[in-house]
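Asker: Curious how this folds, go ahead:
(2 chains)
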Amino acid sequence: DAKTTQPNSMESNEEEPVHLPCNHSTISGTDYIHWYRQLPSQGPEYVIHGLTSNVNNRMASLAIAEDRKSSTLILHRATLRDAAVYYCILRDYGDDKIIFGKGTRLHILP
Amino acid sequence: DTGVSQNPRHKITKRGQNVTFRCDPISEHNRLYWYRQTLGQGPEFLTYFQNEAQLEKSRLLSDRFSAERPKGSFSTLEIQRTEQGDSAMYLCASSWEGARTEAFFGQGTRLTVV
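Answerer: Predicted coordinates:
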């Protein structure tokens, strides 16, 4: 059911920016792009979402391609606590249940 | 509000027994979701509710699984005649309806079937 494609894993150094990509080439005009993350032994937690414009919040930034077929979650300054599985999810205006794919496992190197 | 609460946190049961899990959502949320997660996999959608109405149940879910949300508040997930393959983390989430809303997840109930 997942309509997004993400790399299985990524590595980044602590205190450096991280760019997590997501492809969603079949996105519809009413799909919102959501990102969740799951820390070890925790339930998933919301990170950010957007529709067309780039979005910023205290946790991250979301950059959405002009054609909306891809997006990038940006962690501006990674810490060890950001090591988690990051999920990119499409939620349709008409069918808004949350369907997870396999996500990207982010490793942060000290 | 203390967030989404799930009980118990851990459950060990013998194969063939029935188990029931409880989820207390954030009180004002009308949507409630159940997921199952096994090691190394993303959460798998099981079912979801709007208030007391069950909107959808995954076609992958066997008839041994049933969920309800009486009065649109807390929800229970029951597994009858448990099998070893049911061993997993069961997650509950709640939100307002709508594709722009943020879902809040509980810590999960870890089920081990021996």
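
Asker: Look up which residues are beta-bridged to the closest residue to chain A within chain B.
Answerer: With C-beta to the nearest C-beta, the shortest gap between chain B and chain A falls at residue B:105, namely 3.3 Å. Where you see a C-beta, it was placed from the backbone N, CA and C, and this is true even at glycine. Residue B:105 has these beta-bridge partners by DSSP bridges: residue B:93.

Asker: list the contacts for it?
Answerer: Residue B:105 sits next to A:43, A:44, A:45, B:4, B:91, B:92, B:93 when contact means C-beta atoms under 8 Å, 6 or more residues apart in numbering or on different chains.

Asker: excluding its backbone neighbours, what's nearest residue B:4?
Answerer: Nearest residue to residue B:4, sequence neighbours excluded (C-beta to C-beta, 6 or more residues apart in numbering or on different chains): residue B:106, at 3.8 Å.

Asker: what's near enough to touch the one you found?
Answerer: A:43, B:3, B:4, B:5, B:6, B:23, B:91, B:92, B:93.

Asker: residues near the second one, how many?
Answerer: Residues contacting residue B:3 under the criterion other C-beta atoms under 10 Å in any protein chain shown number 13.

Asker: Just the pLDDT at it, thanks.
Answerer: Note on residue B:3: pLDDT of 94.

Asker: Likewise for residue B:16?
Answerer: 98.

Asker: and it, what does it touch?
Answerer: B:81, B:82.

Asker: can you tell me the helix or strand for it?
Answerer: Of the helices and strands defined by DSSP states H and E, none includes residue B:16.

Asker: From residue B:60, how far off is it?
Answerer: 21 Å (C-beta to C-beta, to the nearest Å).

Asker: how about the strands in chain B?
Answerer: Using DSSP state E, the strands of chain B run over residues B:5-7, B:10-13, B:19-24, B:31-37, B:44-50, B:53-57, B:65-68, B:75-79, B:88-95, B:104-105, B:109-113.

Asker: do the same with chain A
Answerer: Using DSSP E, strands in chain A cover A:9-13, A:18-23, A:31-38, A:45-50, A:55-56, A:61-64, A:70-75, A:84-92, A:104-109.

Asker: Mind checking these for the one nearest to residue B:36?
Answerer: Between residue B:36 and the strands of chain A, the tightest spacing by C-beta to C-beta is seen for strand A:31-38, at 14.0 Å.

Asker: is chain B contacted by that closest one?
Answerer: Yes: using C-beta under 8 Å from any C-beta of the partner chain, strand A:31-38 comes into contact with chain B via A:31, A:32, A:36, A:38.

Asker: cool, stretch A:102-110 as well?
Answerer: Yes: against chain B, stretch A:102-110 shows contacts by C-beta under 8 Å from any C-beta at A:102, A:103.

Asker: Contact residues of chain B facing chain A?
Answerer: B:4, B:33, B:35, B:41-45, B:48, B:55-56, B:91, B:93, B:97-108.

Asker: Please pick the buried ones from these.
Answerer: B:4, B:33, B:35, B:42-45, B:48, B:91, B:93, B:99, B:101, B:103-108 (16 or more other C-beta atoms under 10 Å in any protein chain shown).

Asker: what's the burial count for the nearest residue to residue B:11 once chain neighbours are set aside?
Answerer: In space, and not counting its chain neighbours, residue B:11 is closest to residue B:111: 5.1 Å by C-beta to C-beta, 6+ apart. Look at residue B:111: counted by other C-beta under 10 Å, it has 21 neighbours.

Asker: Residue A:32 too?
Answerer: The burial count for residue A:32: 19, using other C-beta under 10 Å.
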